[in-house]
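here is a sequence with its predicted model. Questions after.
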Amino acid sequence: MPRHKALKESPIESMKEIEAQASYINKIVADLQDYSRPLKPSSEEVNFSKLVEPILLSMEIEENVEVVFEVEDEIQNVKVDPAYLRRILTNLLINAEQVMPNGGTITITARKQKGDCFITIEDTGEGIPEDVKPNLFQPLFTTKAKG
């Protein structure tokens with residue numbers, strides 16, 4: 001009898017899946033709370049690489065997806081709201097992986113230009129359809145069933 005994809009090999013796998021789903025639900029609740037109240041970001045100096053590494057370690061990135069991480073030395077320490085930046089990067093990385101079901105490359109870069117820090121997340125997915133682009137920054141807009 002074929003195994004159903006949802007069945008887990010062990011209780012540990014089941015617990016990991018429960019933890020991942022609880023984390024996802026927590027993210028949705030936090031996003032909804034942020035939407036309903038004005039943002040009040042803090043600002044503190046953090047090491048960008050040390051902020052990104054735990055995000056990547058917590059994600060279950062498919063084997064057919066390569067992650068390239070390029071950070072210029074002079075911007076290792078950046079002044080940001082670490083909680084907001086963590087959530088932003090997590091959302092962008094999840095989206096990047098989801099648009100490459102057959103694999104590809106996600107490139108994370110951080111560089112300094114004219115005193116400003118530029119963080120870029122690029123993927124080799126198909127891109128955003130033209131008819132979706134006008135809605136990109138509409139609150140709660142999604143094209144996903146579980147958006």
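Nice, I can see it. As the structure is a computational prediction, the values presented were derived from the model and not from experiment.

what's the burial count for M100?
M100: 18 surrounding residues under other CB atoms under 10 Å. C-betas here are computed from N, CA, C, even on glycine.

quick check: closest non-adjacent residue to it.
Among residues not flanking M100 along the chain, G125 sits closest, at 4.7 Å (CB to CB, 6 or more residues apart in numbering).

show me where this structure has its helices.
Ranges of helices in the chain, per DSSP state H, are 11-36, 48-58, 82-98.

let me know the average pLDDT across the shortest one.
Taken as a whole, helix 48-58 carries a mean pLDDT of 89.

likewise the last one?
Rounded to a whole number, the mean pLDDT of helix 82-98 is 90.

next: the first one.
Averaging the model's pLDDT scores along helix 11-36 yields 78.

pick out the residue closest to the middle of this protein.
T90 (2.1 Å; CA atoms, centre = their mean).

to what extent is the spatially closest residue to that residue that is not a sequence neighbour buried, counted in neighbours?
Computed as CB to CB, 6+ apart, the closest residue to T90 that is not its neighbour in sequence is I55, at 5.5 Å. With neighbours defined by other CB under 10 Å, the count for I55 comes to 17.

so how far is T109 from I55?
As judged by CB to CB, to the nearest Å, I55 and T109 stand 15 Å apart.

burial count for the closest residue to V99 other than its chain neighbours?
Leaving aside its chain neighbours, V99 sits nearest to G125 (3.2 Å; criterion: CB to CB, 6+ apart). Counted with other CB under 10 Å, residues neighbouring G125 total 17.

dump the residue contacts of G125.
A96, V99, M100, G104 (CB atoms under 8 Å, 6 or more residues apart in numbering).

one more time with 10 Å, if that's ok
By CB atoms under 10 Å, 6 or more residues apart in numbering, the residues touching G125 are N95, A96, E97, Q98, V99, M100, P101, N102, G104, T105, I106.

ditto for A110
A110 touches 48-49, 52, 69-72, 75-76, 78, 117-120, counting by CB under 10 Å, 6+ apart.

let me have the residues you listed in TSV, extended by distance to E13.
Shown next, in TSV, are the contacts of A110 (distance: CB to CB, whole Å):
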residue	distance to E13
F48	32
S49	30
V52	26
F69	28
E70	34
V71	33
E72	39
I75	39
Q76	36
V78	36
C117	39
F118	39
I119	33
T120	34
